[in-house]
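**Q** got a structure for you, letters missing:
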């Protein structure tokens, strides 16, 4: 089973779309334009638009265009979102937003992991060295926080521990980006939207079958 600890969580997303209704503007084979929204509100409103080989999600939470299979609904039909694989299929995003961004918490974890590889004379020296990193009023994290990735990485690599003289070599090799909140939300919206579409088509098929059975009787 795939571990899904992405934010927003599936439960949080479902709360966002709890009152959404589906409106089909165009449903013609591989050409689809479907809107999901709550009445009279643009909050969390989104559109799924497909044409051969492409799917676009657009709306309140951003815009992403994907390309992989001729029918992209087929590509996205799954039990769970798969941000890493799906991101590889992105063709375009909104002008001022992407699918990944610098995450300071990842930087802190990378520093902590590298720090554990350092050698110390005793536990007291190790604690003193970590305090120089973690001190909230002048430590390394304090100096690097609030900056972009390039500045933060440079701050780490330029820093020398005043207790031991050790440094964070090759820190630039760490992956310090994570998926954006909006991208994960849109991934969940694609999965959920296709589920609603499939359920709606199934309900129509059942209704048609029942009508035909009544007419035959």
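**A** It's in. Nothing here was measured: the structure is a model prediction, and the numbers come from that model.
**Q** which of the three states applies to the most centrally placed residue in the chain?
**A** Note on the chain: the residue nearest the mean C-alpha position is residue 184, at 2.7 Å, using CA atoms, centre = their mean. When classified by DSSP: H, G, I helix; E, B strand; the rest coil, residue 184 comes out as helix.
**Q** what do you get for residue 22?
**A** strand.
**Q** residues near the spatially closest residue to it that is not a sequence neighbour, how many?
**A** Leaving aside its chain neighbours, residue 22 sits nearest to residue 196 (5.2 Å; criterion: CB to CB, 6 or more residues apart in numbering). No exception for glycine: its C-beta is placed from N, CA and C like everyone else's. A count of neighbours around residue 196, defined by other CB atoms under 10 Å, yields 16.
**Q** hang on, residue 196 packs against residue 21?
**A** No - under the criterion of CB atoms under 8 Å, residue 196 makes no contact with residue 21, lying 9.2 Å away.
**Q** so residue 32, which of the three states?
**A** strand.
**Q** same thing with the one 3 residues further on?
**A** Under the three-state scheme (three-state DSSP), the conformation of residue 35 reads as strand.
**Q** enumerate every residue touching the nearest residue to it once chain neighbours are set aside.
**A** Leaving aside its sequence neighbours, residue 35 sits nearest to residue 23 (CB to CB, 6+ apart; 4.5 Å). Taking CB atoms under 8 Å, 6 or more residues apart in numbering as the criterion, residue 23 is in contact with 34-37.
**Q** which member of these is positioned nearest residue 192?
**A** The shortest approach to residue 192 among the contacts of residue 23 belongs to residue 36, at 8.1 Å (CB to CB).
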